[in-house]
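A.B. asks: Structural data only, the sequence is not supplied:
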């Protein structure tokens with residue numbers, strides 16, 4: 001990343017308020033425990049329910065604090081996706097366009113709760129993504145992919161390669177990939193075949209709704225300088 005370029009850091013809604021959940025849940029649990037210790041008699045069902053709620057709040061807060069503080073970073077030439085186990089980078093020149101993946105559902109279309117990204121060159125993207133994050137994204141985004149193929153496999157007759165990604169992949173350039181990168185590449189190929197997009201950004205990593213973020217991505221593609229200046233000014237207000 002060029003440090004001389006202005007950068008816009010995006011914080012996902014799902015990663016916010018982790019500390020608040022921890023504090024509120026912890027204080028609530030301590031109060032319930034003290035009340036139960038000081039008050040004679042057995043613990044009531046209400047107290048059990050409140051204690052369970054406090055424990056759940058602590059657990060949710062802990063999970064939120066484990067997520068990266070920023071989920072995405074924009075520069076004039078790069079989009080960087082931050083994950084707790086790594087990141088991937090997308091050059092603006094390799095970004096074709098974004099939109100909302102849609103799946104046919106009778107006479108209507110089902111929109112996935114994610115932003116789709118179409119690439120110009122899958123090879124360029126595959127050479128920079130680490131196998132570890134590729135494998136994690138295969139797992140985390142499988143439910144979105146399953147929503148897609150279920151609409152094409154209503155009778156339960158799905159191609160096996162849609163259900164289990166192959167561990168070999170040959171790119172259009174002739175480059176051969178193995179292991180997790182190959183599985184990720186096959187997933188992107190199937191996703192593009194079914195929706196027209198190579199990558200997915202789930203709604204929980206965004207700071208706005210999927211339609212707004214998709215529009216923002218396309219604005220960044222067309223005029224990154226104007227996009228960054230506008231968003232950075234808004235963030236200062």
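C.D. replies: Nice, I can see it. Since the model is a prediction, treat every value here as computed from it, not as a measurement.
A.B. asks: Do you have the helices of this structure handy? List them.
C.D. replies: Along the chain, counting by DSSP state H, helices occupy 18-38, 45-66, 122-126, 131-140, 142-152, 160-163, 179-195, 210-222, 224-236.
A.B. asks: Now do the first one: which elements does it pack against?
C.D. replies: Contact partners of helix 18-38 among helices and strands, from 3 or more CB pairs under 8 Å, 6 or more residues apart in numbering; DSSP states H and E: helix 45-66. Glycine gets a C-beta too; all of them are placed from N, C-alpha and C.
A.B. asks: Helix 18-38 and the helix it packs on, what's the angle between them?
C.D. replies: Angle between the axes of helix 45-66 and helix 18-38 is 150 degrees (criterion: axes from the mean of the first three to the mean of the last three CA atoms, to 10 degrees).
A.B. asks: For residue 77, give its distance to residue 216.
C.D. replies: Distance from residue 77 to residue 216, counting by CB to CB, to the nearest Å: 16 Å.
A.B. asks: who's more crowded, those two?
C.D. replies: Taking neighbours as other CB atoms under 10 Å, residue 77 and residue 216 compare with residue 216 leading, 21 against 14.
A.B. asks: Report the contact partners of the more buried one.
C.D. replies: Taking CB atoms under 8 Å, 6 or more residues apart in numbering, we find residue 216 in contact with 208, 227, 231.
A.B. asks: which residues sit in contact with the last one?
C.D. replies: Going back to what we said before, that points to residue 231. 8, 74, 216.
A.B. asks: Run a quick neighbour tally on the first one.
C.D. replies: When you say that, I think you mean residue 8. Counted with other CB under 10 Å, residue 8 comes out at 20.
A.B. asks: and it, how far is that from residue 24?
C.D. replies: Counting by CB to CB, the gap from residue 8 to residue 24 is 31 Å.
A.B. asks: Quick check, pLDDT for the closest residue to residue 194 other than its chain neighbours.
C.D. replies: Among residues not flanking residue 194 along the chain, residue 148 sits closest, at 5.1 Å (CB to CB, 6 or more residues apart in numbering). At residue 148, the predicted lDDT confidence score is 82.
A.B. asks: Surely residue 148 touches residue 191?
C.D. replies: Yes: using CB atoms under 8 Å, residue 148 is in contact with residue 191, at 7.1 Å.
A.B. asks: overlap in contacts of the two?
C.D. replies: Common contacts of residue 148 and residue 191 (CB under 8 Å, 6+ apart): residue 101.
A.B. asks: Let me see the domain layout of this structure.
C.D. replies: The chain breaks down into these domains under automatic domain parsing: 13-66, 94-221.
A.B. asks: will you turn those domains into TSV that also has distance to residue 85?
C.D. replies: Shown next, in TSV, are those (distance: least, CB to CB, whole Å):
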stretch	distance to residue 85
domain 13-66	11
domain 94-221	6
